[in-house]
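Engineer: could you look at this predicted model? Sequence included:
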Amino acid sequence: MYSKEELNKWLEKYIKSHPHEEITIQKLAAFSNISRYTWYRQKELVEEIRKINATPITINADNSLEFPTARQIVKGCRTEEQLIKAIQNLIDIVNQLKVANSKANINKLREANARLSVQVKERDDMIRRLQAQIDAKILASLPSLTPEEVINSMDAGNFKKQFNALFEGIGSTDDGKGN
């Protein structure tokens, strides 16, 4: 006797190895070497198989790289309306791919990429120039000290006095004495 879980696993294996095909108990029995009577005893599975077979095939290029064959589409559609929808869906996907891969579209994307690359280079150059200007201003605001004077001026109280130009406008409680 097979459990429902075991039969479900066989059903999943069958679906993976026979995508887009109608599922029948006879095919499942031959595939799994499990008696068709065992399959028929599981009423829930028989109902699930019926629902799977009734579900129309949908074609979606985003989710799958593999399209069904024409035979699979025709077999998967139970009504003419389902067949028309499946074919229209396929035509829509082909049209989207055609537009996306058109030479004009590719050329537009290449031109946009070239423009953006130039803008990035210009902005990088501007950032380098601004950084150099900032560095020059910082260096200009530093007092010229000998190494000996720098060592002697390491007192925190002298720091703000010596680098007053850097601290102008910072801190409104400045009493002018470096405190």
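Structural biologist: Perfect, I can see it now.

Engineer: drop to CA atoms for contacts and neighbour counts, all remaining ones
Structural biologist: Noted.

Engineer: hmm, which helix or strand of this structure has the shakiest average pLDDT?
Structural biologist: Counting by mean pLDDT, DSSP states H and E, the chain has its least confident helix or strand at helix 156-162, which shows a mean of 64.

Engineer: walk me through the domains of the chain.
Structural biologist: The chain is divided into the following domains under automatic domain parsing: 4-100, 104-167.

Engineer: from Val99, how far off is Thr24?
Structural biologist: Using CA to CA, to the nearest Å, we find Thr24 at a distance of 41 Å from Val99.

Engineer: next, count neighbours for Leu28.
Structural biologist: Residues near Leu28, counting by other CA atoms under 10 Å, number 20.

Engineer: contacting residues for it?
Structural biologist: Leu28 is in contact with Trp10, Leu11, Tyr14, Ile34, Arg36, counting by CA atoms under 8 Å, 6 or more residues apart in numbering.

Engineer: adding pLDDT and neighbour count, write the residues you listed out as a markdown table.
Structural biologist: Putting the contacts of Leu28 into a markdown table (pLDDT from 0 to 100; neighbours: other CA atoms under 10 Å) gives the following:
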| residue | pLDDT | neighbour count |
| --- | --- | --- |
| Trp10 | 92 | 18 |
| Leu11 | 90 | 19 |
| Tyr14 | 90 | 17 |
| Ile34 | 92 | 17 |
| Arg36 | 91 | 16 |
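
Engineer: report the two of these separated the most.
Structural biologist: Taking CA to CA as the measure, the contacts of Leu28 span a maximum distance of 14.3 Å, between Tyr14 and Arg36.

Engineer: please identify the most buried of the domains of the chain.
Structural biologist: Comparing those by mean neighbour count (mean count of other CA atoms under 10 Å), domain 4-100 ranks first with a mean of 14.

Engineer: how about the CA coordinates for the helix or strand where Lys16 lies, as PDB?
Structural biologist: Assigning secondary structure by DSSP states H and E places Lys16 in helix 4-17. What follows is helix 4-17, C-alpha atoms only, in PDB (Å, rounded to 0.1, in the frame of the first residue of the first chain):
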ATOM      1  CA  LYS A   4      -0.600   9.700  -0.300                       C
ATOM      2  CA  GLU A   5       2.800  11.400   0.200                       C
ATOM      3  CA  GLU A   6       4.500   8.700  -1.900                       C
ATOM      4  CA  LEU A   7       2.000   9.000  -4.700                       C
ATOM      5  CA  ASN A   8       2.300  12.800  -4.600                       C
ATOM      6  CA  LYS A   9       6.100  12.400  -5.100                       C
ATOM      7  CA  TRP A  10       5.500  10.100  -8.100                       C
ATOM      8  CA  LEU A  11       3.100  12.700  -9.500                       C
ATOM      9  CA  GLU A  12       5.600  15.400  -9.100                       C
ATOM     10  CA  LYS A  13       8.300  13.300 -10.800                       C
ATOM     11  CA  TYR A  14       5.900  12.600 -13.700                       C
ATOM     12  CA  ILE A  15       5.100  16.200 -14.200                       C
ATOM     13  CA  LYS A  16       8.800  17.200 -14.200                       C
ATOM     14  CA  SER A  17       9.700  14.500 -16.700                       C
END
